[in-house]
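Undergrad: Give me the fold of what follows.
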Amino acid sequence: MKKDSRHDHRGVVIRSITAAAAGVASKVLGLFNQVVSVALISSALGADGLREQMLAIAFVSWFNLTLCGMHTSLPVLLVRSAPTAEASKLFIKTAYILALLGALASVALTLLILNLGLSKSLVGAPLATAIICNATTIVFGLSEKVFHATDRIAQFNVLNMIGTLISLGTTYILARTHPTVSGFVVAFYLGVLLPPLAATVSFAPRLVLTSVPSFADFYACARQLIGVGVFGLGYEVASYCKLQALLALLALLGLSSAIAPVGLGLRLLGLISGGLTIAIPILMLRVGTAIRTQDERSRRFWTRMGLGVAAATATGTIALYQLLGPDIFDAWTAGAVALGPGDSIALAIFSAVYLVQNLVFALIAPDPSFAKQLRWLFWLEGPAAIVAAVVSALLAPASYGGAAVLGGAAFVMGAASLILLGLLVGRRFGDSEGNGLRLQKHL
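TA: As a prediction, the model looks like this:
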């Protein structure tokens, strides 16, 4: 029996390494696609065309929030219900229905904003294209979470690479034949939409889509998806506040000189964070499976693995910004953008804390007891980070404004991360004491 357990554990580790390797290849190819696509679009349409394409895509990025945190709750609930196939099918069907309703609500609200004239800087055709493409992606994108929950992470990474190649090829053809902003918007979404669409087609026949859930079943599953998802949704909203909102704050506070260096620093953080998406779904799946099967040995192993990755990431990130930050900025912008006083240190600390929190969240999210305890945490963290950033900027000299904004937000993120780490460590010691007491009673 012990040999079988070791064999299973070894197989899990091998599958995780395979998934991570496929993820690395997918991220490298995606990075190459980003660099080449920007060059192709700017050469074909100029800076104005590139701006219109990026603006149209960015304007509809908030559509993901209408999923109410199902990016987190769906894989978690699927892992918990894995022994019951019917329960898993019901969760998937309910999630797709909710995603469809969210996509329709997103489109309606966007059209209302445009009709009221609240946004006059957006062009029509590219934005309309982005609205349709992103709404479709919202619905089918849930298939990625289904693949993660069913331990097919490597397969989805392969689909991602195929989608990236198709997107890059389409961008190249458009740039050489008939370049339009709307065409480049479609080319971008091909890489985002095709992988989940192919994944959905692969498992849709097993769902028996002709069988619609009863209202009672739909309501019960929806409550669980949204109830568990509140924790993840708060995390997503907090991420928006900690990243996108900071540049707007710098503009509102009159610190325009800090926008470029801080913005580039956050762009670099985004590239590093994208690399972590290789490890995060693996950690969530393994920890969630260990919780469901009550395998404390496996849970401790993957928790330690996650904390080890977090420590290495924090150390590497701080070293990257401190040792190579100025050189990276100089090479990236040909000397046009330089780091201001304190920017290098502030970016290093902010980025390290942000990345550590992403990894610790993957260890916490699959545990329903933690999710219940911490539903409030990220809903408070986002606004608190904004308030702390504003207060820090007002108290600091203008030349240190960018560093102060990052420092204030990092302070709040650090406090939230300590709460998460405290719960993880507390649970580990609690389990150790509980095991000791049970052993004493047995003796």
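Undergrad: Let me know the pLDDT of the residue nearest to Ala352 when sequence neighbours are not counted.
TA: Among residues not flanking Ala352 along the chain, Ala314 sits closest, at 4.1 Å (C-beta to C-beta, 6 or more residues apart in numbering). Where you see a C-beta, it was placed from the backbone N, CA and C, and this is true even at glycine. pLDDT, Ala314: 88.
Undergrad: pLDDT of the helix or strand hosting Leu114, averaged?
TA: Per DSSP states H and E, Leu114 falls inside helix 85-115. Mean pLDDT, taken over the full extent of helix 85-115, equals 86.
Undergrad: After that helix, which helix or strand is next?
TA: helix 124-140.
Undergrad: Dump that following helix to PDB, restricted to CA.
TA: Extracted C-alpha coordinates of helix 124-140, given in PDB (Å, rounded to 0.1, in the frame of the first residue of the first chain):
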ATOM      1  CA  GLY A 124     -16.700  52.600 -33.200                       C
ATOM      2  CA  ALA A 125     -15.700  49.600 -35.300                       C
ATOM      3  CA  PRO A 126     -12.700  48.400 -33.200                       C
ATOM      4  CA  LEU A 127     -14.700  48.800 -30.000                       C
ATOM      5  CA  ALA A 128     -17.700  46.900 -31.400                       C
ATOM      6  CA  THR A 129     -15.400  44.100 -32.500                       C
ATOM      7  CA  ALA A 130     -13.800  44.000 -29.000                       C
ATOM      8  CA  ILE A 131     -17.200  43.900 -27.300                       C
ATOM      9  CA  ILE A 132     -18.300  40.900 -29.300                       C
ATOM     10  CA  CYS A 133     -15.000  39.000 -29.100                       C
ATOM     11  CA  ASN A 134     -14.600  39.600 -25.400                       C
ATOM     12  CA  ALA A 135     -18.200  38.700 -24.500                       C
ATOM     13  CA  THR A 136     -17.700  35.400 -26.400                       C
ATOM     14  CA  THR A 137     -14.400  34.800 -24.600                       C
ATOM     15  CA  ILE A 138     -16.100  35.300 -21.200                       C
ATOM     16  CA  VAL A 139     -18.400  32.400 -21.900                       C
ATOM     17  CA  PHE A 140     -16.000  29.900 -23.400                       C
END
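Undergrad: What is that helix packed up against?
TA: helix 2-59, helix 85-115, helix 181-207 (3 or more C-beta pairs under 8 Å, 6 or more residues apart in numbering; DSSP states H and E).
Undergrad: In that helix, which residues are buried?
TA: By 16 or more other C-beta atoms under 10 Å, the buried positions in helix 124-140 come out as 126-140.
Undergrad: got it, and stretch 199-207?
TA: Ala199, Thr200, Leu207.
Undergrad: same question, stretch 38-51
TA: For stretch 38-51, burial by neighbour count (16+ other C-beta under 10 Å) applies to Leu40, Ile41, Ser42, Ala44, Leu45, Gly49, Leu50, Arg51.
Undergrad: so where's the stretch 301-443 of the chain shaky on pLDDT?
TA: Applying pLDDT under 70 to the stretch 301-443 of the chain picks out residues 329-337, 340, 371, 427-443.
Undergrad: hey, where'd the helices end up in it?
TA: 325-333, 343-364, 368-373, 375-395, 401-442 (DSSP state H, counting those that start in this stretch).
Undergrad: Let me know which of those is tucked in deepest.
TA: helix 343-364 (a mean of 24; mean count of other C-beta atoms under 10 Å).
Undergrad: So which other helices or strands are in contact with it?
TA: Contact analysis of helix 343-364 by 3+ C-beta pairs under 8 Å, 6+ apart lists helix 259-276, helix 280-293, helix 296-319, helix 325-333, helix 401-442 as its packing neighbours.
Undergrad: again, only this time at 10 Å
TA: helix 215-252, helix 259-276, helix 280-293, helix 296-319, helix 325-333, helix 368-373, helix 375-395, helix 401-442 (3 or more C-beta pairs under 10 Å, 6 or more residues apart in numbering; DSSP states H and E).
Undergrad: Setting aside sequence neighbours, what's the nearest residue to Val79?
TA: Nearest to Val79 is Gly288, by C-beta to C-beta, 6+ apart, at 3.8 Å.
Undergrad: number of nearby residues for that neighbour?
TA: By other C-beta atoms under 10 Å, 26 other residues sit near Gly288.
Undergrad: for Gln322, same thing?
TA: Residues near Gln322, counting by other C-beta under 10 Å, number 13.
Undergrad: ok, it touching Ala346?
TA: No - applying C-beta atoms under 10 Å as the test, Gln322 and Ala346 come out as separate, 11.1 Å apart.
Undergrad: Quick check: Ala410 vs Val391, distance?
TA: 13 Å (C-beta to C-beta, to the nearest Å).
Undergrad: One more: Tyr235?
TA: From Tyr235 to Val391 the distance is 23 Å (C-beta to C-beta).
Undergrad: now swap in Val353 and tell me
TA: When Val353 is compared with Val391 (using C-beta to C-beta), they lie 18 Å apart.
Undergrad: Assign a three-state SS to Ser257, would you?
TA: helix (DSSP: H, G, I helix; E, B strand; the rest coil).
Undergrad: what's near enough to touch it?
TA: With contact set as C-beta atoms under 10 Å, 6 or more residues apart in numbering, Ser257 has these partners: Leu250, Gly340, Ala398, Ser399, Gly401, Gly402.
Undergrad: So, low pLDDT: which residues of the stretch 151-300 of the chain?
TA: 209-210, 248, 274-275, 277.
Undergrad: ok so, going back, for the contacts of Ser257, work out which two are farthest apart.
TA: The two members of these with the most space between them (C-beta to C-beta) are Leu250 and Ser399, at 13.2 Å.
Undergrad: Which residue of the two possesses the greater neighbour count?
TA: Applying other C-beta under 10 Å to Leu250 and Ser399 shows that Leu250 carries more neighbours, namely 23 against 14.
Undergrad: That one touches Gly402, doesn't it?
TA: Yes - taking contacts as C-beta under 10 Å, Leu250 lies within contact range of Gly402: 6.6 Å.
Undergrad: any residues in contact with both of these two?
TA: Ser257, Ala258, Ile259, Ala260, Val262, Gly263, Ala393.
Undergrad: So how do I select the buried members of those in ChimeraX?
TA: In ChimeraX syntax, the buried subset of these is picked out as below (16+ other C-beta under 10 Å):
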select :258,259,260,262,393
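Undergrad: With distance to Tyr172 added, can I get the shared contacts of Leu250 and Gly402 in JSON lines?
TA: JSON lines is the format used below for these (distance: C-beta to C-beta, whole Å):
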{"residue": "Ser257", "distance to Tyr172": "37"}
{"residue": "Ala258", "distance to Tyr172": "36"}
{"residue": "Ile259", "distance to Tyr172": "32"}
{"residue": "Ala260", "distance to Tyr172": "29"}
{"residue": "Val262", "distance to Tyr172": "33"}
{"residue": "Gly263", "distance to Tyr172": "28"}
{"residue": "Ala393", "distance to Tyr172": "43"}
